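Peer 1: coords below, sequence missing:
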(Lines give C-alpha, C1' and ligand atoms only; values in the text may rest on other atoms or scores of the structure.)
Protein backbone atom coordinates (compact mmCIF):
# COMPACT_ATOMS: atom_id res chain seq x y z
CA UNK A 1 0.00 0.00 0.00
CA UNK A 2 1.44 3.41 -0.97
CA UNK A 3 2.34 6.02 1.67
CA UNK A 4 -0.25 8.46 0.37
CA UNK A 5 -3.03 6.63 -1.40
CA UNK A 6 -5.74 8.57 -3.22
CA UNK A 7 -8.18 6.09 -4.75
CA UNK A 8 -10.82 7.06 -7.28
CA UNK A 9 -12.08 10.17 -5.52
CA UNK A 10 -15.18 11.88 -6.87
CA UNK A 11 -16.44 15.28 -5.86
CA UNK A 12 -19.47 17.24 -7.00
CA UNK A 13 -20.38 20.62 -5.58
CA UNK A 14 -24.08 21.32 -5.41
CA UNK A 15 -25.41 24.87 -5.38
CA UNK A 16 -28.72 26.52 -6.10
CA UNK A 17 -27.78 27.08 -9.72
CA UNK A 18 -27.02 23.41 -10.24
CA UNK A 19 -24.18 21.08 -9.52
CA UNK A 20 -20.57 21.13 -10.66
CA UNK A 21 -18.87 17.82 -11.22
CA UNK A 22 -15.27 18.62 -10.34
CA UNK A 23 -13.45 15.34 -9.80
CA UNK A 24 -14.45 12.19 -11.62
CA UNK A 25 -12.27 9.55 -9.98
CA UNK A 26 -8.79 10.95 -9.37
CA UNK A 27 -6.15 8.44 -8.33
CA UNK A 28 -2.69 9.18 -6.97
CA UNK A 29 -0.09 7.11 -5.17
CA UNK A 30 3.17 8.28 -3.68
CA UNK A 31 5.87 7.10 -1.32
CA UNK A 32 7.39 8.80 1.71
CA UNK A 33 10.09 11.42 1.00
CA UNK A 34 8.79 11.78 -2.52
CA UNK A 35 8.10 15.14 -4.15
CA UNK A 36 5.02 14.87 -6.34
CA UNK A 37 3.50 17.64 -8.42
CA UNK A 38 -0.01 17.88 -9.82
CA UNK A 39 -0.16 20.02 -12.94
CA UNK A 40 -3.27 21.21 -14.70
CA UNK A 41 -5.11 24.19 -16.10
CA UNK A 42 -6.68 26.69 -13.74
CA UNK A 43 -10.12 25.64 -12.63
CA UNK A 44 -9.60 21.97 -13.40
CA UNK A 45 -10.04 20.84 -9.78
CA UNK A 46 -6.53 20.86 -8.33
CA UNK A 47 -7.50 22.86 -5.26
CA UNK A 48 -10.47 20.55 -4.70
CA UNK A 49 -8.14 17.55 -4.74
CA UNK A 50 -5.76 19.17 -2.25
CA UNK A 51 -8.67 20.13 0.02
CA UNK A 52 -9.82 16.51 -0.09
CA UNK A 53 -6.37 15.23 0.89
CA UNK A 54 -6.21 17.89 3.62
CA UNK A 55 -9.58 16.63 4.85
CA UNK A 56 -11.16 20.08 4.69
CA UNK A 57 -13.91 18.65 2.47
CA UNK A 58 -15.22 15.11 2.11
CA UNK A 59 -15.17 13.06 -1.07
CA UNK A 60 -18.48 11.82 -2.48
CA UNK A 61 -16.85 8.52 -3.42
CA UNK A 62 -13.40 7.02 -3.17
CA UNK A 63 -10.90 6.89 -0.34
CA UNK A 64 -7.78 8.70 0.79
CA UNK A 65 -5.29 7.11 3.18
CA UNK A 66 -2.02 8.41 4.56
CA UNK A 67 0.49 6.01 6.11
CA UNK A 68 -2.22 3.37 6.44
CA UNK A 69 -4.79 5.64 8.13
CA UNK A 70 -7.96 6.76 6.34
CA UNK A 71 -8.40 10.51 6.04
CA UNK A 72 -11.61 11.53 7.79
CA UNK A 73 -10.92 15.18 8.59
CA UNK A 74 -8.26 17.88 8.67
CA UNK A 75 -5.13 17.42 10.74
CA UNK A 76 -1.57 18.72 11.05
CA UNK A 77 -0.07 15.47 9.71
CA UNK A 78 -1.33 16.75 6.36
CA UNK A 79 0.06 20.26 6.77
CA UNK A 80 -1.01 22.68 4.08
CA UNK A 81 0.33 25.86 2.51
CA UNK A 82 -2.80 27.59 1.28
CA UNK A 83 -3.00 29.29 -2.07
CA UNK A 84 -3.73 32.69 -0.50
CA UNK A 85 -1.46 31.84 2.45
CA UNK A 86 -4.30 32.41 4.98
CA UNK A 87 -1.98 34.04 7.47
CA UNK A 88 -3.82 35.49 10.44
CA UNK A 89 -3.54 39.26 9.91
CA UNK A 90 -3.76 40.15 13.61
CA UNK A 91 -0.70 38.05 14.43
CA UNK A 92 2.98 38.71 13.83
CA UNK A 93 5.15 36.30 11.84
CA UNK A 94 6.31 34.76 15.11
CA UNK A 95 2.77 34.36 16.39
CA UNK A 96 1.54 32.85 13.13
CA UNK A 97 4.29 30.23 13.17
CA UNK A 98 4.06 29.85 16.96
CA UNK A 99 0.35 29.09 16.75
CA UNK A 100 1.13 25.99 14.69
CA UNK A 101 4.13 24.98 16.83
CA UNK A 102 2.11 25.35 20.04
CA UNK A 103 -0.78 23.34 18.62
CA UNK A 104 1.33 20.48 17.28
CA UNK A 105 3.97 20.30 20.04
CA UNK A 106 1.46 20.99 22.80
CA UNK A 107 3.01 18.40 25.12
CA UNK A 108 6.48 19.93 25.05
CA UNK A 109 7.98 22.61 27.32
CA UNK A 110 7.33 26.21 26.32
CA UNK A 111 11.06 26.92 25.92
CA UNK A 112 11.39 24.10 23.36
CA UNK A 113 8.40 25.36 21.44
CA UNK A 114 9.82 28.88 21.37
CA UNK A 115 13.16 27.60 20.14
CA UNK A 116 11.51 25.57 17.39
CA UNK A 117 9.47 28.60 16.31
CA UNK A 118 12.65 30.64 15.98
CA UNK A 119 14.36 27.82 14.04
CA UNK A 120 11.51 27.66 11.55
CA UNK A 121 11.52 31.43 11.10
CA UNK A 122 15.27 31.31 10.54
CA UNK A 123 14.86 28.44 8.08
CA UNK A 124 12.76 30.66 5.81
CA UNK A 125 15.07 33.68 6.39
CA UNK A 126 12.54 35.81 8.23
CA UNK A 127 14.27 36.36 11.58
CA UNK A 128 14.55 40.08 10.91
CA UNK A 129 10.82 40.34 10.19
CA UNK A 130 9.60 38.09 13.01
CA UNK A 131 7.71 40.87 14.77
CA UNK A 132 5.96 42.18 11.67
CA UNK A 133 2.37 41.52 10.72
CA UNK A 134 1.45 40.03 7.34
CA UNK A 135 0.23 43.40 6.05
CA UNK A 136 3.76 44.76 6.48
CA UNK A 137 5.32 41.93 4.44
CA UNK A 138 5.85 41.51 0.72
CA UNK A 139 4.09 38.68 -1.10
CA UNK A 140 7.26 36.58 -1.10
CA UNK A 141 7.72 37.04 2.65
CA UNK A 142 4.13 36.07 3.34
CA UNK A 143 4.62 32.96 1.29
CA UNK A 144 7.68 32.08 3.39
CA UNK A 145 5.67 32.47 6.58
CA UNK A 146 3.08 30.11 5.15
CA UNK A 147 5.81 27.56 4.37
CA UNK A 148 7.27 27.90 7.88
CA UNK A 149 3.81 27.37 9.34
CA UNK A 150 3.26 24.35 7.11
CA UNK A 151 6.54 22.83 8.27
CA UNK A 152 5.70 23.68 11.89
CA UNK A 153 2.85 21.17 11.66
CA UNK A 154 5.41 18.32 11.38
CA UNK A 155 3.45 17.02 8.42
CA UNK A 156 3.78 13.47 7.16
CA UNK A 157 2.98 15.04 3.84
CA UNK A 158 3.14 18.76 3.10
CA UNK A 159 0.42 19.95 0.76
CA UNK A 160 1.14 23.07 -1.28
CA UNK A 161 -1.72 24.62 -3.23
CA UNK A 162 -0.24 26.80 -6.00
CA UNK A 163 2.10 28.34 -3.45
CA UNK A 164 3.87 30.63 -5.90
CA UNK A 165 1.01 31.65 -8.16
CA UNK A 166 0.50 35.06 -6.56
CA UNK A 167 4.15 36.10 -6.90
CA UNK A 168 6.10 37.94 -9.59
CA UNK A 169 8.46 35.86 -11.72
CA UNK A 170 11.69 36.86 -9.97
CA UNK A 171 10.38 36.26 -6.45
CA UNK A 172 8.86 33.03 -7.64
CA UNK A 173 12.23 31.74 -8.90
CA UNK A 174 13.93 32.66 -5.62
CA UNK A 175 11.30 30.91 -3.57
CA UNK A 176 11.35 27.83 -5.78
CA UNK A 177 15.09 27.59 -5.15
CA UNK A 178 14.51 28.03 -1.43
CA UNK A 179 11.86 25.35 -1.37
CA UNK A 180 14.27 23.07 -3.21
CA UNK A 181 16.94 23.77 -0.57
CA UNK A 182 14.58 23.17 2.37
CA UNK A 183 13.21 20.00 0.83
CA UNK A 184 16.71 18.66 0.09
CA UNK A 185 17.56 19.14 3.77
CA UNK A 186 14.43 17.42 5.05
CA UNK A 187 13.28 15.01 2.36
CA UNK A 188 9.69 14.79 3.51
CA UNK A 189 6.74 13.94 1.30
CA UNK A 190 5.41 16.93 -0.62
CA UNK A 191 2.39 17.31 -2.90
CA UNK A 192 2.70 20.48 -4.94
CA UNK A 193 -0.18 21.74 -7.01
CA UNK A 194 0.71 24.12 -9.81
CA UNK A 195 -0.30 25.33 -13.26
CA UNK A 196 3.36 25.94 -14.14
CA UNK A 197 4.89 22.98 -15.98
CA UNK A 198 8.47 24.24 -15.57
CA UNK A 199 7.99 24.72 -11.85
CA UNK A 200 6.75 21.14 -11.55
CA UNK A 201 9.73 19.74 -13.47
CA UNK A 202 12.23 21.80 -11.47
CA UNK A 203 10.89 20.62 -8.14
CA UNK A 204 9.19 17.24 -8.45
CA UNK A 205 10.26 13.60 -8.71
CA UNK A 206 7.01 12.67 -10.39
CA UNK A 207 4.28 14.70 -12.01
CA UNK A 208 0.58 13.88 -12.31
CA UNK A 209 -1.11 15.83 -15.07
CA UNK A 210 -4.75 16.63 -14.40
CA UNK A 211 -7.30 16.63 -17.19
CA UNK A 212 -9.39 19.79 -17.51
CA UNK A 213 -12.74 19.45 -15.74
CA UNK A 214 -15.54 18.81 -15.36
CA UNK A 215 -15.02 15.38 -13.91
CA UNK A 216 -11.25 15.76 -13.86
CA UNK A 217 -8.96 12.77 -13.40
CA UNK A 218 -5.20 12.44 -13.05
CA UNK A 219 -3.25 11.04 -15.96
CA UNK A 220 -0.47 8.47 -15.57
CA UNK A 221 2.44 10.01 -13.61
CA UNK A 222 5.48 11.21 -15.53
CA UNK A 223 8.90 10.58 -13.98
CA UNK A 224 11.36 13.43 -13.92
CA UNK A 225 14.66 11.64 -14.21
CA UNK A 226 16.80 14.69 -13.53
CA UNK A 227 19.55 14.26 -10.94
CA UNK A 228 19.54 16.35 -7.75
CA UNK A 229 20.67 18.86 -6.73
CA UNK A 230 19.07 20.60 -9.69
CA UNK A 231 20.35 23.86 -11.07
CA UNK A 232 17.65 25.95 -12.70
CA UNK A 233 20.16 27.51 -15.15
CA UNK A 234 21.14 24.40 -17.04
CA UNK A 235 17.96 22.45 -16.56
CA UNK A 236 16.04 23.35 -19.69
CA UNK A 237 18.88 22.07 -21.88
CA UNK A 238 18.71 18.54 -20.45
CA UNK A 239 17.06 15.95 -22.69
CA UNK A 240 15.25 14.53 -19.63
CA UNK A 241 13.74 17.95 -18.99
CA UNK A 242 12.55 18.35 -22.54
CA UNK A 243 11.13 14.86 -22.58
CA UNK A 244 9.14 15.39 -19.37
CA UNK A 245 7.91 18.75 -20.59
CA UNK A 246 6.75 17.32 -23.90
CA UNK A 247 4.90 14.46 -22.19
CA UNK A 248 3.06 16.78 -19.82
CA UNK A 249 2.14 19.38 -22.41
CA UNK A 250 0.97 16.71 -24.85
CA UNK A 251 -1.21 15.15 -22.19
CA UNK A 252 -2.72 18.47 -21.11
CA UNK A 253 -3.35 19.55 -24.73
CA UNK A 254 -4.98 16.25 -25.63
CA UNK A 255 -7.41 16.55 -22.77
CA UNK A 256 -8.31 20.10 -23.58
CA UNK A 257 -11.59 20.61 -25.30
CA UNK A 258 -11.41 22.51 -28.62
CA UNK A 259 -13.82 25.14 -27.35
CA UNK A 260 -11.54 26.22 -24.51
CA UNK B 1 -5.47 73.02 -1.64
CA UNK B 2 -6.04 76.44 -0.08
CA UNK B 3 -9.45 76.77 -1.66
CA UNK B 4 -10.54 73.37 -0.36
CA UNK B 5 -9.28 74.15 3.13
CA UNK B 6 -11.07 77.47 3.08
CA UNK B 7 -14.29 75.90 1.92
CA UNK B 8 -13.93 73.22 4.59
CA UNK B 9 -13.95 76.00 7.19
CA UNK B 10 -16.19 78.54 5.54
CA UNK B 11 -19.00 76.28 4.37
CA UNK B 12 -19.82 74.80 7.79
CA UNK B 13 -19.78 78.31 9.28
CA UNK B 14 -22.11 79.44 6.53
CA UNK B 15 -24.39 76.52 7.36
CA UNK B 16 -24.46 77.48 11.04
CA UNK B 17 -25.18 81.11 10.16
CA UNK B 18 -28.08 80.06 7.94
CA UNK B 19 -29.57 77.92 10.72
CA UNK B 20 -29.30 80.86 13.14
CA UNK B 21 -31.06 83.12 10.65
CA UNK B 22 -33.90 80.64 10.12
CA UNK B 23 -34.14 80.09 13.89
CA UNK B 24 -34.37 83.87 14.48
CA UNK B 25 -36.97 84.21 11.76
CA UNK B 26 -39.10 81.45 13.25
CA UNK B 27 -38.88 82.90 16.75
CA UNK B 28 -39.94 86.34 15.42
CA UNK B 29 -42.88 85.06 13.40
CA UNK B 30 -44.68 81.74 13.83
CA UNK B 31 -43.37 80.73 17.27
CA UNK B 32 -43.13 83.73 19.56
CA UNK B 33 -42.48 81.46 22.57
CA UNK B 34 -39.31 80.14 20.99
CA UNK B 35 -36.36 82.14 22.31
CA UNK B 36 -34.17 83.73 19.67
CA UNK B 37 -30.49 82.77 19.50
CA UNK B 38 -29.51 86.00 21.23
CA UNK B 39 -31.99 85.47 24.04
CA UNK B 40 -30.92 81.85 24.41
CA UNK B 41 -27.34 82.92 24.86
CA UNK B 42 -28.13 85.65 27.37
CA UNK B 43 -30.16 83.29 29.52
CA UNK B 44 -27.71 80.40 29.23
CA UNK B 45 -24.36 82.13 29.49
CA UNK B 46 -23.87 81.40 33.18
CA UNK B 47 -24.46 77.66 32.58
CA UNK B 48 -21.87 77.67 29.85
CA UNK B 49 -19.29 80.05 31.28
CA UNK B 50 -19.40 78.51 34.75
CA UNK B 51 -20.10 74.95 33.63
CA UNK B 52 -19.59 73.38 37.07
CA UNK B 53 -21.53 75.64 39.44
CA UNK B 54 -24.14 74.06 41.70
CA UNK B 55 -27.02 76.04 43.22
CA UNK B 56 -29.43 73.21 43.78
CA UNK B 57 -30.23 69.72 42.53
CA UNK B 58 -31.52 70.91 39.19
CA UNK B 59 -29.81 74.28 38.94
CA UNK B 60 -26.26 73.37 37.97
CA UNK B 61 -23.69 74.21 35.32
CA UNK B 62 -24.29 72.40 32.06
CA UNK B 63 -21.14 70.28 32.19
CA UNK B 64 -21.89 69.17 35.74
CA UNK B 65 -25.34 68.07 34.56
CA UNK B 66 -23.79 66.41 31.53
CA UNK B 67 -21.40 64.58 33.82
CA UNK B 68 -24.31 63.03 35.76
CA UNK B 69 -25.84 61.93 32.49
CA UNK B 70 -22.54 60.52 31.26
CA UNK B 71 -22.07 58.47 34.42
CA UNK B 72 -25.58 57.07 34.01
CA UNK B 73 -24.94 56.29 30.35
CA UNK B 74 -21.60 54.69 31.19
CA UNK B 75 -23.29 52.29 33.62
CA UNK B 76 -26.06 51.38 31.19
CA UNK B 77 -23.61 51.09 28.31
CA UNK B 78 -21.25 48.86 30.30
CA UNK B 79 -24.18 46.62 31.14
CA UNK B 80 -25.24 46.59 27.47
CA UNK B 81 -21.76 45.47 26.36
CA UNK B 82 -21.44 42.95 29.18
CA UNK B 83 -24.66 41.27 28.07
CA UNK B 84 -24.63 42.06 24.36
CA UNK B 85 -21.14 40.80 23.51
CA UNK B 86 -21.50 37.22 24.78
CA UNK B 87 -25.04 37.01 23.41
CA UNK B 88 -23.72 38.16 20.03
CA UNK B 89 -20.97 35.54 20.05
CA UNK B 90 -23.43 32.81 21.01
CA UNK B 91 -25.78 33.88 18.21
CA UNK B 92 -22.91 33.79 15.73
CA UNK B 93 -21.43 30.52 16.90
CA UNK B 94 -24.37 28.31 17.75
CA UNK B 95 -27.07 27.46 15.29
CA UNK B 96 -29.26 26.14 18.08
CA UNK B 97 -28.92 29.34 20.07
CA UNK B 98 -29.59 31.40 16.94
CA UNK B 99 -32.73 29.52 16.05
CA UNK B 100 -33.99 29.73 19.62
CA UNK B 101 -33.35 33.40 20.30
CA UNK B 102 -33.16 35.23 16.99
CA UNK B 103 -36.95 35.71 16.74
CA UNK B 104 -37.10 37.11 20.28
CA UNK B 105 -34.26 39.52 19.55
CA UNK B 106 -35.86 40.74 16.33
CA UNK B 107 -39.06 41.23 18.34
CA UNK B 108 -37.46 43.12 21.28
CA UNK B 109 -35.17 45.30 19.19
CA UNK B 110 -37.64 47.93 17.95
CA UNK B 111 -39.21 48.57 21.38
CA UNK B 112 -38.83 52.21 22.43
CA UNK B 113 -37.11 53.25 25.68
CA UNK B 114 -40.40 54.89 26.67
CA UNK B 115 -41.90 51.42 26.86
CA UNK B 116 -39.05 49.83 28.82
CA UNK B 117 -38.72 52.48 31.48
CA UNK B 118 -42.03 51.94 33.29
CA UNK B 119 -41.29 48.24 33.26
CA UNK B 120 -37.90 48.97 34.83
CA UNK B 121 -39.63 51.04 37.51
CA UNK B 122 -41.96 48.13 38.20
CA UNK B 123 -39.05 45.70 38.48
CA UNK B 124 -36.57 47.82 40.45
CA UNK B 125 -38.95 50.21 42.27
CA UNK B 126 -36.27 52.90 42.00
CA UNK B 127 -35.62 55.39 39.24
CA UNK B 128 -31.82 55.04 38.95
CA UNK B 129 -31.63 51.30 38.26
CA UNK B 130 -34.68 51.62 36.04
CA UNK B 131 -32.90 54.25 33.95
CA UNK B 132 -29.78 52.11 33.67
CA UNK B 133 -31.87 49.06 32.79
CA UNK B 134 -33.58 51.03 30.03
CA UNK B 135 -30.32 52.35 28.62
CA UNK B 136 -28.82 48.85 28.63
CA UNK B 137 -31.83 47.22 26.99
CA UNK B 138 -32.05 49.79 24.23
CA UNK B 139 -28.32 50.13 23.57
CA UNK B 140 -27.59 46.40 23.51
CA UNK B 141 -28.93 45.46 20.08
CA UNK B 142 -26.30 46.88 17.72
CA UNK B 143 -23.62 45.08 19.76
CA UNK B 144 -25.58 41.82 19.69
CA UNK B 145 -26.28 41.96 15.99
CA UNK B 146 -22.90 43.22 14.80
CA UNK B 147 -21.05 40.67 16.89
CA UNK B 148 -23.20 37.86 15.50
CA UNK B 149 -22.69 39.08 11.93
CA UNK B 150 -18.96 39.46 12.60
CA UNK B 151 -18.64 35.89 13.80
CA UNK B 152 -20.63 34.54 10.89
CA UNK B 153 -18.61 36.43 8.30
CA UNK B 154 -15.20 35.18 9.42
CA UNK B 155 -13.32 34.02 6.36
CA UNK B 156 -13.37 30.25 5.91
CA UNK B 157 -9.61 30.49 5.25
CA UNK B 158 -8.93 31.51 8.85
CA UNK B 159 -11.20 28.80 10.19
CA UNK B 160 -9.45 26.24 7.99
CA UNK B 161 -6.12 27.13 9.60
CA UNK B 162 -7.65 26.28 12.97
CA UNK B 163 -9.16 23.09 11.60
CA UNK B 164 -5.90 21.84 10.11
CA UNK B 165 -4.12 22.57 13.40
CA UNK B 166 -6.96 20.84 15.27
CA UNK B 167 -7.06 23.75 17.70
CA UNK B 168 -9.07 23.12 20.85
CA UNK B 169 -12.32 25.07 20.92
CA UNK B 170 -11.00 27.55 23.48
CA UNK B 171 -7.87 28.33 21.47
CA UNK B 172 -9.96 28.61 18.31
CA UNK B 173 -12.09 31.24 20.05
CA UNK B 174 -9.23 33.20 21.59
CA UNK B 175 -6.83 33.13 18.65
CA UNK B 176 -9.09 33.14 15.61
CA UNK B 177 -12.79 33.78 16.16
CA UNK B 178 -12.57 36.72 18.59
CA UNK B 179 -9.79 38.64 16.83
CA UNK B 180 -11.35 38.04 13.41
CA UNK B 181 -14.69 39.46 14.50
CA UNK B 182 -13.33 42.41 16.53
CA UNK B 183 -13.83 45.03 13.79
CA UNK B 184 -17.54 44.17 13.63
CA UNK B 185 -17.78 44.05 17.42
CA UNK B 186 -16.37 47.56 17.71
CA UNK B 187 -18.73 48.89 15.07
CA UNK B 188 -21.47 47.47 17.27
CA UNK B 189 -19.96 49.19 20.31
CA UNK B 190 -19.92 52.53 18.53
CA UNK B 191 -23.55 52.26 17.43
CA UNK B 192 -24.54 51.08 20.92
CA UNK B 193 -22.94 54.12 22.51
CA UNK B 194 -24.89 56.40 20.19
CA UNK B 195 -28.12 54.69 21.20
CA UNK B 196 -27.26 54.78 24.91
CA UNK B 197 -26.80 58.53 24.67
CA UNK B 198 -30.04 58.84 22.72
CA UNK B 199 -31.95 57.01 25.43
CA UNK B 200 -30.58 59.11 28.32
CA UNK B 201 -32.92 62.01 27.63
CA UNK B 202 -36.03 59.89 27.59
CA UNK B 203 -35.08 58.04 30.76
CA UNK B 204 -34.13 61.18 32.67
CA UNK B 205 -37.27 62.95 31.54
CA UNK B 206 -39.42 60.18 32.91
CA UNK B 207 -37.50 59.65 36.13
CA UNK B 208 -36.70 63.30 36.82
CA UNK B 209 -33.13 62.37 37.67
CA UNK B 210 -30.54 65.17 37.63
CA UNK B 211 -28.75 65.28 34.28
CA UNK B 212 -29.09 67.01 30.94
CA UNK B 213 -32.34 65.25 30.13
CA UNK B 214 -33.84 65.89 33.56
CA UNK B 215 -32.78 69.52 33.36
CA UNK B 216 -34.38 69.86 29.93
CA UNK B 217 -37.72 68.57 31.18
CA UNK B 218 -37.63 70.64 34.35
CA UNK B 219 -36.87 73.82 32.48
CA UNK B 220 -39.73 73.07 30.09
CA UNK B 221 -42.04 72.81 33.08
CA UNK B 222 -40.60 76.05 34.52
CA UNK B 223 -41.14 77.76 31.14
CA UNK B 224 -37.41 78.60 30.71
CA UNK B 225 -37.41 77.59 27.07
CA UNK B 226 -33.94 78.87 26.30
CA UNK B 227 -32.54 76.17 28.57
CA UNK B 228 -34.25 73.53 26.49
CA UNK B 229 -32.19 74.73 23.57
CA UNK B 230 -29.08 74.81 25.76
CA UNK B 231 -29.71 71.17 26.70
CA UNK B 232 -30.38 70.13 23.14
CA UNK B 233 -27.14 71.70 21.93
CA UNK B 234 -25.21 70.07 24.78
CA UNK B 235 -26.70 66.66 24.05
CA UNK B 236 -25.78 67.02 20.40
CA UNK B 237 -22.23 68.13 21.13
CA UNK B 238 -21.56 65.32 23.58
CA UNK B 239 -23.12 62.75 21.27
CA UNK B 240 -20.89 63.97 18.48
CA UNK B 241 -17.77 63.76 20.66
CA UNK B 242 -18.65 60.27 21.87
CA UNK B 243 -19.11 59.08 18.31
CA UNK B 244 -15.73 60.54 17.30
CA UNK B 245 -14.10 58.90 20.29
CA UNK B 246 -15.55 55.48 19.50
CA UNK B 247 -14.72 55.97 15.84
CA UNK B 248 -11.06 56.40 16.81
CA UNK B 249 -11.18 53.29 19.00
CA UNK B 250 -12.85 51.37 16.20
CA UNK B 251 -10.12 52.38 13.75
CA UNK B 252 -7.49 50.91 16.03
CA UNK B 253 -9.11 47.49 15.80
CA UNK B 254 -9.49 47.45 12.04
CA UNK B 255 -7.54 44.62 10.52
CA UNK B 256 -4.97 46.15 8.22
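Peer 2: Cool, the structure landed. Nothing here was measured: the structure is a model prediction, and the numbers come from that model.
Peer 1: C-alpha only now, for contacts and for neighbours.
Peer 2: OK.
Peer 1: Now do the SS call for the nearest residue to residue B:145 once chain neighbours are set aside.
Peer 2: Across the structure, with Cα to Cα, 6 or more residues apart in numbering or on different chains as the measure, the residue nearest residue B:145 apart from its sequence neighbours is residue B:88 (6.1 Å). Here residue B:88 is recorded as helix under DSSP: H, G, I helix; E, B strand; the rest coil.
Peer 1: List the contacts of residue B:88.
Peer 2: B:143, B:144, B:145, B:146, B:147, B:148 (Cα atoms under 8 Å, 6 or more residues apart in numbering or on different chains).
Peer 1: now these as a markdown table including neighbour count and pLDDT?
Peer 2: Putting the contacts of residue B:88 into a markdown table (neighbours: other Cα atoms under 10 Å in any protein chain shown; pLDDT from 0 to 100) gives the following:
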| residue | neighbour count | pLDDT |
| --- | --- | --- |
| B:143 | 30 | 95 |
| B:144 | 28 | 95 |
| B:145 | 23 | 94 |
| B:146 | 26 | 95 |
| B:147 | 31 | 96 |
| B:148 | 27 | 95 |
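Peer 1: Of all the residues in stretch A:176-187, which ones are buried?
Peer 2: Of the residues in stretch A:176-187, those with enough neighbours to count as buried (16 or more other Cα atoms under 10 Å in any protein chain shown) are A:176, A:177, A:178, A:179, A:180, A:183.
Peer 1: What lies in contact with it?
Peer 2: Here stretch A:176-187 makes contact (Cα under 8 Å, 6+ apart) with A:33, A:34, A:123, A:124, A:164, A:199, A:203, A:229.
Peer 1: Compare those residues and tell me which is most surrounded.
Peer 2: residue A:164 (25 neighbours; other Cα atoms under 10 Å in any protein chain shown).
Peer 1: And stretch A:47-62, end to end?
Peer 2: With Cα to Cα, to the nearest Å as the measure, stretch A:47-62 spans 17 Å from end to end.
Peer 1: burial count for the residue of the stretch 101-250 of chain B at minimum distance from chain A?
Peer 2: Of all residues in the stretch 101-250 of chain B, the one sitting closest to chain A is residue B:164 (4.5 Å; Cα to the nearest Cα). Applying other Cα under 10 Å, we find 22 other residues in the vicinity of residue B:164.
Peer 1: okay but it is in contact with residue A:86, surely?
Peer 2: No: using Cα atoms under 8 Å, residue B:164 makes no contact with residue A:86, being 11.8 Å away.
Peer 1: For chain B, what lies in contact range of chain A?
Peer 2: B:157-158, B:160-161, B:163-167, B:176, B:179-180, B:255-256 (Cα under 8 Å from any Cα of the partner chain).
Peer 1: that older thread, among the contacts of stretch A:176-187, name the ones in helices.
Peer 2: A:123, A:199, A:203 (DSSP state H).
Peer 1: Who are the contact partners of the residue of chain B positioned farthest from its centre?
Peer 2: Among the C-alpha atoms of chain B, the one farthest from their average position, using Cα atoms, centre = their mean, is that of residue B:164, at 41.8 Å. Applying Cα under 8 Å, 6+ apart, one finds that residue B:164 lies in contact with A:54, A:56, A:74, A:75, A:76, A:78, A:79, A:80.
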